[in-house]
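Undergrad: structure of the sequence below:
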Amino acid sequence: MARARDDKLARAIANRIVEAREAAGFKTRTAFGHALNRDEKTMARYEGGKMVPGAEALIAISEACDVSLDWLMLGREEAPPAFAEWLTTALGRKAVEKHPKIVGMLRTLPLRGWRPTIEVYDSLYVGIRSGVLEEVDGVDELVRSGRESQRET
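TA: Numbering: from 1, shown residues only. Predicted structure coming up:
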C-alpha cells in the first residue's frame, strides 16, 4: 500500500519514476497509469513525490519500464552481470585488447535501472568502433542508443 509522504526520499523516487516512464516511451502519466491499472490522480501523487508507491506498484513500474527495483527505490545498482559476461566473449576480449577506452566507457555506463544484454554491449561497441555512434552526445545518448538496440534484438 502506498504511503502519503513529502520528503527527500519520496521526491527522489518520484524523479526516477518519471525518468523510467519517459525512457520506456510513456509520454504521459495518464497513459502510464493506464498500463499500470492506476488512475491519473495516483500517478500524479507518485510522480509529484506526494505518495510512495507500495510494493505491488513498484514491481509493476519496474516491469513496465524494464528497470531494477534497486535503481527505482535507491538510485543505485551493481554492474550488470551481462557486462562481465560480455568481456568473456570473443568480441569482448577483442575490445579489451584493441579498444580499452571504449570498454572503459561501456563499463561506466550509468544504467539507471536498465538491464542491458550481451547483444546490447556488442551493438554499442561495434557502433562506437565503426563511428556510427560517433555523434553521440554524452553518456545519456549512449544509454538511449543501447536501449533502442535492446528493443531491436
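Undergrad: ok, residue 57 to residue 50 distance?
TA: 14 Å (CB to CB, to the nearest Å). Placement of C-beta: from N, CA and C, glycine included.
Undergrad: tell me where this protein has strands.
TA: Using DSSP state E, the strands of the chain run over residues 3-4, 51-52.
Undergrad: which of those strands has the lowest mean pLDDT?
TA: The weakest mean pLDDT among the strands of the chain belongs to strand 3-4, with a mean of 54.
Undergrad: residue 57 and residue 50: which is more packed in?
TA: The neighbour count for residue 57 versus residue 50, taken as other CB atoms under 10 Å, is higher for residue 57 (20 against 15).
Undergrad: and this structure, what are its domains?
TA: Following automatic domain parsing, one finds the domains of the chain at 3-74, 81-152.
Undergrad: worst mean pLDDT among these?
TA: domain 81-152 - the lowest mean pLDDT of the domains of the chain, at a mean of 70.
Undergrad: buried residues in stretch 27-45?
TA: The neighbour-count check on stretch 27-45 (16 or more other CB atoms under 10 Å) flags 29, 32-33, 36, 38, 42-43, 45 as buried.
Undergrad: mind listing residues that contact it?
TA: Stretch 27-45 has contacts (CB atoms under 8 Å, 6 or more residues apart in numbering) with 2, 4, 21, 26, 46-47, 50-51, 57, 60-61, 64.
Undergrad: wait, what's in contact with the nearest residue to residue 16 once chain neighbours are set aside?
TA: Leaving aside its chain neighbours, residue 16 sits nearest to residue 72 (5.5 Å; criterion: CB to CB, 6 or more residues apart in numbering). Residues in contact with residue 72 (CB under 8 Å, 6+ apart) are 13, 16-17, 20, 58, 61-62, 113.
Undergrad: these in helices, which ones?
TA: In this view, these that belong to helices under DSSP state H are 13, 16-17, 20, 58, 61-62.
Undergrad: residues contacting residue 83?
TA: So residue 83 contacts 106-107, 116, 121 (CB under 8 Å, 6+ apart).
Undergrad: and the gap between it and residue 122?
TA: From residue 83 across to residue 122, the span is 12 Å (CB to CB).
Undergrad: what does residue 25 give?
TA: Relative to residue 122, residue 25 is positioned 23 Å away (CB to CB).
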